[in-house]
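1. let's see this in three dimensions:
(chains A and B)
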Protein chains: 2
Amino acid sequence: MRIAVDAMGGDHAPDEIIKGAVEAQGLLDKDDELILIGLEDVIRSQLADLDAEEDKITIVHAPDVIGMEESPVESLRKKRKSSIAVMAKLAARGQTDAVISAGNTGACVAACQIRMRNLAGVNRPAIAAVLPTLPGPVIICDAGANVACRPINLYQNAVMSSVYSQRILEIDRPRVGLMNIGGESAKGNELVKKTRELLLADEELNFIGNLEGHDIFDGVCDVAICEGFLGNVVLKLTEGLVDMMFKAIKLELLETDKKLAMQFKPLMEQIYKKYDYHEYGGALLLGVNGTAVICHGASIDRTIKNAIMASKKFYTMKINDQIVEHLSNVSVDANEE
Amino acid sequence: MRIAVDAMGGDHAPDEIIKGAVEAQGLLDKDDELILIGLEDVIRSQLADLDAEEDKITIVHAPDVIGMEESPVESLRKKRKSSIAVMAKLAARGQTDAVISAGNTGACVAACQIRMRNLAGVNRPAIAAVLPTLPGPVIICDAGANVACRPINLYQNAVMSSVYSQRILEIDRPRVGLMNIGGESAKGNELVKKTRELLLADEELNFIGNLEGHDIFDGVCDVAICEGFLGNVVLKLTEGLVDMMFKAIKLELLETDKKLAMQFKPLMEQIYKKYDYHEYGGALLLGVNGTAVICHGASIDRTIKNAIMASKKFYTMKINDQIVEHLSNVSVDANEE
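-> Predicted structure coming up:
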């Protein structure tokens, strides 16, 4: 299997990205091939520092880099030789089996959407992010690829995430819930009301009904379906709130009892570790004809290593074939509103 | 001032509601009047138990109660003599200056929307919920009254919340942000792009631009504007996540160090107190021609007491007049899409 990694994308690029790729080398099969995309000199000197098996790594030079804050569409148009653009091109030409980037999420999603075709039966790709919760991991889909969702998009997101949850996270009959503002069927806006009908019509799905905000953390669902705008806010809100709470606890501890604060520190680190998104490597961009992993901008070596291993699992287990099969079995009209 | 409280609404009704009303009595002015709505016998016997000044409390009998899980529209149609319906009717007839309920939120919002007219210049009412964060309170508006928002609704929500933040929370020039999925102006869906233009056009507003999910807790804004579906998810998600984190910390503590867990308990309680939504009493339903406070279903006596005091402040400070004035000063066409 060939796995292409955008070496220039992310807050800690290229150092942590290349380090993560080298760490993954030891876990991959002998005939697997890593492709690093970016400034050749920089990558080569970093690989030399890391004592990597350089003969097993292909470097594809990309002279441009898209910054984390640049406008996705505009930057892709202007920087045709950016690492993200080159990465998507490799996938489009069949020169890699998977692509991974921790760079500008918007640009990465747009490049994959434009270059890689959609999977058969899928109208729009969606980001499936795994949220670690106390009762277990919950997939949020869509986490931000599509901000103008129609019911058919949300339905397809449910099918894609359900297959992903079942096969990759090994959850037997993933419970799929629809993000809403209340439990009753009449609740919500037009989008969720129509989506609900499509979800109910597919008997292969284990659709459990509406979810309210707090349900995500209550262990009632394995997959939470929502449109991309909402999913994006949910993910970033969760991250911000967790940070704020740890900060609040720390402040309170330091104010009242410094000794207790010292005792509490290792415990906090343990909790952080348990609910650590770095473990999942990144979010799959489901619905493209290939394997694409979107990593967090703050990715470190471990995140990238895990993203590489996740892409291998996704590719090897032929998740896309199973999504196509499910969608072709069910008579939901993809042209429906 | 006359303040009507739905004695039957909420998970802990009627006991905690009536207790809260009696506690507020001591803080109100001499000529203020409390009206309790619900089952007369029940209210009367509870008041006797509490040694309340019964002559200063008017009881309005309402034989029906709308359950917390009932369908709002249907229950209002069927239960015309429910405490919520009777409460809204009192407001519509000018027989009370404020209404307060911890009951079925949907039914309460619908009843107020139907019975009380809209404020001049406001197309749709919105819920303004105050979220306690480490850097200070942040208003989320709309928190769930309107799930089919147009840009003009979001613009009006910004004006209403800004006045509320400035006067009630005493924030000098409230920083108003628009919930979005990224910082750049081109980000987001059609709703937020058009809303952004309206917000920029109003120079009286201190509009700071787009907010991402984590910004709510970062101290960059005082008001976060979003449509009701999103705001509802944001609020419930926040509550669920805070609960989960405290649970996770407790579990980790008990697993590793029971003695440390005991030491940590009072600290947790202190943190809980600092970020306690009960302090704010409830969320104002802004945009109705009157004063309406929607309380959390889990309201206790303190929540209701604070809600009563909040309604008095809102009414006495003539917040509605200031909202009407701001909206009439600005040439944003309310019929605009």
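
2. distance of residue A:67 from residue A:166?
-> Residue A:67 sits 37 Å away from residue A:166, going by C-beta to C-beta, to the nearest Å. In short, each C-beta sits where N, CA and C put it, glycine included.

3. now do residue A:316
-> 16 Å.

4. just residue A:256 next, same as before
-> 47 Å.

5. compare these two (neighbour count), which wins?
-> residue A:166 (18 against 12; other C-beta atoms under 10 Å in any protein chain shown).

6. let me see the contact set for the more buried one.
-> By C-beta atoms under 8 Å, 6 or more residues apart in numbering or on different chains, the contact list for residue A:166 reads A:172-174.

7. in which helix or strand would I find it?
-> For residue A:166, the host element (DSSP states H and E) is helix A:151-167.

8. only C-alpha atoms, please: export that helix in CSV.
-> C-alpha atoms of helix A:151-167 as CSV (Å, rounded to 0.1, in the frame of the first residue of the first chain):
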residue,chain,number,x,y,z
PRO,A,151,-31.5,15.3,3.7
ILE,A,152,-29.9,12.9,1.2
ASN,A,153,-26.5,14.0,2.3
LEU,A,154,-27.3,13.4,6.0
TYR,A,155,-28.7,10.0,5.1
GLN,A,156,-25.6,9.0,3.2
ASN,A,157,-23.4,10.3,6.1
ALA,A,158,-25.3,8.0,8.4
VAL,A,159,-24.6,5.0,6.1
MET,A,160,-21.0,5.8,5.7
SER,A,161,-20.4,6.5,9.4
SER,A,162,-22.3,3.4,10.4
VAL,A,163,-20.1,1.2,8.3
TYR,A,164,-17.0,3.0,9.6
SER,A,165,-18.1,2.5,13.2
GLN,A,166,-18.9,-1.1,12.7
ARG,A,167,-15.7,-2.1,10.9
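
9. on the three-state scheme, residue A:214 is what?
-> Under DSSP: H, G, I helix; E, B strand; the rest coil, the three-state class of residue A:214 is helix.

10. how about the nearest residue to it, chain neighbours excluded?
-> Spatial nearest neighbour of residue A:214, chain neighbours left out: residue B:240 (2.7 Å); criterion: C-beta to C-beta, 6 or more residues apart in numbering or on different chains.

11. so how far is the host helix or strand of the one you found off the chain centroid?
-> According to DSSP H and E, residue B:240 maps onto helix B:228-256. Here the centre of helix B:228-256 is set off from its chain's centre by 20 Å, with C-alpha atoms, centre = their mean, to the nearest Å.

12. do the same with stretch A:99-111
-> With C-alpha atoms, centre = their mean as the basis, stretch A:99-111 stands 10 Å off its chain's centre.

13. now stretch A:237-245: mean pLDDT?
-> Stretch A:237-245 carries an average pLDDT of 92.

14. which strand runs longest in chain A?
-> For chain A, the strand with the greatest residue count under DSSP state E is strand A:126-133.

15. tell me which other helices or strands it touches.
-> Counting contacts by 3 or more C-beta pairs under 8 Å, 6 or more residues apart in numbering or on different chains; DSSP states H and E, strand A:126-133 is packed against strand A:136-141, helix A:151-167, helix A:228-256, strand A:283-286.

16. now it: buried residues?
-> Residues of strand A:126-133 classed as buried: A:126-131, A:133 (neighbour count, 16 or more other C-beta atoms under 10 Å in any protein chain shown).

17. stretch A:277-285 too?
-> Of the residues in stretch A:277-285, those buried under the neighbour-count criterion (16+ other C-beta under 10 Å) are A:277-278, A:280-285.

18. pLDDT score for residue A:333?
-> Listed pLDDT for residue A:333 reads 65.

19. show me where chain A dips below the pLDDT cut-off.
-> A:331-337 (pLDDT under 70).

20. quick check, residue A:299 in a strand?
-> No - the assignment for residue A:299 (three-state DSSP) gives coil, which keeps it out of a strand.

21. I figured it hits residue A:278, correct?
-> Yes - between residue A:299 and residue A:278 there is a contact under C-beta atoms under 8 Å: 7.4 Å.

22. checking residue A:207 next. Helix, strand or coil?
-> strand.

23. what's around it, how many residues?
-> By the measure other C-beta under 10 Å, the count of residues near residue A:207 is 21.

24. now residue A:49
-> Residues contacting residue A:49 under the criterion other C-beta under 10 Å number 12.

25. distance check, it against residue B:302.
-> From residue A:49 to residue B:302 the distance is 60 Å (C-beta to C-beta).

26. try residue A:295
-> 45 Å.

27. quick one, which of these two is more surrounded?
-> Comparing residue A:295 with residue B:302 by other C-beta under 10 Å, the one with more neighbours is residue A:295, at 30 against 16.

28. that one touches residue A:11, doesn't it?
-> No - checked against C-beta under 8 Å, the pair residue A:295 and residue A:11 is beyond contact range at 10.6 Å.

29. overlap in contacts of the two?
-> When contacts are counted by C-beta under 8 Å, 6+ apart, residue A:295 and residue A:11 are jointly contacted by residue A:102.

30. picking that back up, in the helix holding residue B:240, which residues are buried?
-> Result for helix B:228-256 [16+ other C-beta under 10 Å]: buried residues B:228-242, B:244-245, B:248-249, B:252-253.

31. which parts of chain A are strands?
-> Under the criterion DSSP E, chain A carries strands at the ranges A:2-6, A:33-38, A:57-61, A:98-101, A:126-133, A:136-141, A:175-179, A:206-211, A:223-225, A:283-286, A:291-294.

32. ok, back up a step: and the buried residues of stretch A:277-285 as TSV, adding distance to chain B?
-> Below are these laid out as TSV (distance: C-beta to the nearest C-beta, whole Å):
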residue	distance to chain B
A:277	13
A:278	17
A:280	17
A:281	21
A:282	18
A:283	14
A:284	19
A:285	16
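
33. greatest separation within those: which pair is it?
-> A:278 and A:285 (18.5 Å; C-beta to C-beta).

34. list the contacts for the nearest residue to residue A:75 once chain neighbours are set aside?
-> Among residues not flanking residue A:75 along the chain, residue A:66 sits closest, at 4.5 Å (C-beta to C-beta, 6+ apart). Neighbouring residues of residue A:66 by C-beta under 8 Å, 6+ apart: A:9, A:75-76, A:79, A:82-85, A:103-104, A:107.
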